[in-house]
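# Pasting the sequence and the predicted model now:
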Amino acid sequence: MSDAELTPPVSERDHSAGPEDAPVTLVEYGDYECPYCGMAYPIVKRAQQDLGKQLRFVFRNFPLAESHPHARLAAEAAEAAGAQGKFWEMHDMLFEHQDALEAEDLMGYAKSLGLDVPKFARDLKAGTYTKRVRDDFRNGVRSGVNGTPTFFVNGSRYEGSWANEKAFIHTLHEAAQQSGRGTHTTADANG
Amino acid sequence: MTQPATTAHTPAILGAGTRAPDFALSATPDQVLRLSELRGRPVILVFYPADWSPVCGDQVALYNEVLPEFREYGAEILGISVDGVWCHAAFARDRHLHFPLLSDFEPKGEVARLYGAYRAEEGTSERALFVLDGDGIIRWSYCAPIAVNPGADGILDALESIVAKSAPAKAESFRGDAAEMRP
């Protein structure tokens, strides 16, 4: 459907990188085993570098588990790492090793990131974050996510091609200008 | 539903309030599925142009993942294209699909035509969605641009509204039953 709007809006529940009051919030619904998400990963990184404090980036899970058999456990691994304060480290690790997402690979990443590995393993085994991942997926479907990656810029689905990096980053800059807040508001509003 | 079936880019697909034409189509090489057999629960009809094409693949992959949510509404989902049964079988196996794909194969596109969802020039169906209530009445329909995956949000909204409408009646009948059972 067109005119897709992000529901629910970004909140404390989300994993976000960048200032809370940044003029642009970019939300990705992604799948750690999806090759297109893997292609989008460095583009998002460059967008983050380019926009700096103008951008807040949020990642939500949208594992297409029937197509990507490792996607769900990988998503839960990122959440389990997030519970130990290392969501983004694991997020990056997974996207940089999309071809090695077996359970033992995940344990190796947990170790190399300095996580409490027994706790991490328990969380995965017990399915502690299964519901959380599924909730992301369900919210994504209701927000009009129809595949991965799907991006939302300030709450509206990005209909252009993210693979056109220049146009994608340009759109983010435009959104920053349109939100009517310059670069000067981040100093004291982030508490 | 206030969202109209978008007509700007489409021929007239059947709209809300219309009785869904019954049909019988092959679900496997030796199984025929008749729509009216599913009476009593909501049915989602997904007409799509072709097995294997990139957008269709994404679309069925998505619906495959959303099946638990569809089932929460007691709904059945049926994919329909002009592909033959063996093609469907291979496609369903490759994508691990857990819902039936029906072959609108002979006479080609006959069912798609009944629903106003046939593209005569291409010889395929439109990318069209219909949500039927338990009485076989179309409650929502939508025809997507051929290259656009329409997602599942419209389907879920329609199912929600069907269940919301039928819930009071059900609640009454439950109350009735309970009253009768009281000693």
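Sure thing, it's come through.

# where's the most centrally placed residue in chain A relative to chain B, distance?
The residue at the geometric middle of chain A, judged as the C-alpha nearest the mean C-alpha position with Cα atoms, centre = their mean, is A:Phe59 (1.6 Å). Using Cβ to the nearest Cβ, to the nearest Å, we find A:Phe59 at a distance of 18 Å from chain B. Just so you know, the C-beta spots here come from the backbone N, C-alpha and C atoms, and that holds for glycine as well.

# which residues sit in contact with that residue?
A:Phe59 makes contact with A:His15, A:Val27, A:Glu28, A:Gly30, A:His91 under the criterion Cβ atoms under 8 Å, 6 or more residues apart in numbering or on different chains.

# what's the neighbour count on the one residue in chain B that gets nearest to chain A?
Here the residue of chain B nearest chain A is B:Gly151; by Cβ to the nearest Cβ that distance is 3.7 Å. If you count neighbours by other Cβ atoms under 10 Å in any protein chain shown, B:Gly151 ends up with 28.

# I'd guessed it sits against A:Gly144; true?
Yes: A contact is recorded between B:Gly151 and A:Gly144 when judged using Cβ atoms under 8 Å, the distance being 5.1 Å.

# Let me know the pLDDT of the nearest residue to A:His70 once chain neighbours are set aside.
Beyond its immediate neighbours in the sequence, the residue positioned closest to A:His70 (Cβ to Cβ, 6 or more residues apart in numbering or on different chains) is A:Leu101, lying 3.8 Å away. In this model, A:Leu101 is scored at 98, pLDDT.

# Where does A:Pro19 sit: helix, strand or coil?
Under DSSP: H, G, I helix; E, B strand; the rest coil, A:Pro19 falls in the coil class.

# can I assume it is in contact with A:Leu51?
No: under the contact definition of Cβ under 8 Å, A:Pro19 does not touch A:Leu51, with a separation of 10.8 Å.

# higher neighbour count, the two?
The residue with more neighbours, out of A:Pro19 and A:Leu51, is A:Leu51; 22 against 18, by other Cβ under 10 Å.

# looking at this, that one is in a strand?
No: using three-state DSSP, the secondary structure at A:Leu51 is helix, not a strand.

# Contacts only, for the residue lying closest to it once chain neighbours are set aside.
Taking Cβ to Cβ, 6+ apart, and ignoring the residues beside it in sequence, A:Leu51 has A:Leu172 as its nearest neighbour in space, at 5.8 Å. Residues near A:Leu172 by Cβ under 8 Å, 6+ apart: A:Val24, A:Leu26, A:Ala47, A:Asp50, A:Leu51, A:Gln54, A:Leu55, A:Val153.

# Show me the contacts of A:Phe59 that map onto helices.
Judged by DSSP state H, the subset of those located in helices is A:His91.

# out of the contacts of A:Phe59, which touch chain B?
Among those, none lies close to chain B by the criterion of Cβ under 8 Å from any Cβ of the partner chain.

# Show me the contacts of A:Phe59 that map onto strands.
The strands, defined by DSSP state E, take in A:His15, A:Val27, A:Glu28, A:Gly30 from the contacts of A:Phe59.

# Go through these and name the one nearest B:Trp140.
B:Trp140 lies nearest to A:Val27 out of those, by Cβ to Cβ, at 27.1 Å.

# Tell me the bridge partners for the closest one.
A:Val58, A:Phe152 (DSSP bridges).

# What of A:His15?
Beta-bridge pairing of A:His15, defined through DSSP bridges, involves A:Phe59.

# one step back: who wins for most neighbours among the contacts of A:Leu172?
By neighbour count, taken as other Cβ under 10 Å, the most surrounded of those turns out to be A:Leu26 (27 neighbours).

# which residue sits closest to it, ignoring its sequence neighbours?
The shortest distance from A:Leu26 to any residue other than its chain neighbours is 5.1 Å, reached at A:Phe57 (Cβ to Cβ, 6+ apart).

# low pLDDT regions in chain A?
A:1-3, A:180-191 (pLDDT under 70).

# Identify the residue of it closest to chain B, quick one.
Counting by Cβ to the nearest Cβ, chain A gets nearest chain B through A:Asn146, at 3.7 Å.

# Which pLDDT value belongs to the residue positioned nearest the centre of chain B?
With distances taken as Cα atoms, centre = their mean, B:Leu45 lies nearest the centre of chain B, 1.4 Å away. B:Leu45 is assigned 98 on the pLDDT scale.

# Let me know the distance separating the nearest residue to B:Tyr73 once chain neighbours are set aside from A:Glu102.
In space, B:Tyr73 comes closest to B:Leu159 once its chain neighbours are excluded; the distance is 4.1 Å by Cβ to Cβ, 6+ apart. For B:Leu159, the distance to A:Glu102 under the criterion Cβ to Cβ, to the nearest Å works out to 37 Å.

# ok, now A:Glu66?
With the distance defined as Cβ to Cβ, A:Glu66 ends up 18 Å from A:Glu102.

# which one of these two has more residues nearby?
When neighbours are counted by other Cβ under 10 Å, A:Glu66 comes out ahead of the other of A:Glu66 and A:Glu102, with 18 against 11.

# Sketch out the low-pLDDT regions of chain B for me.
Residues of chain B that meet the cut-off, pLDDT under 70, sit at B:1-11, B:167-183.

# can we see that at 90?
Under the criterion of pLDDT under 90, the regions of chain B flagged as low confidence span B:1-12, B:53-58, B:146-148, B:164-183.
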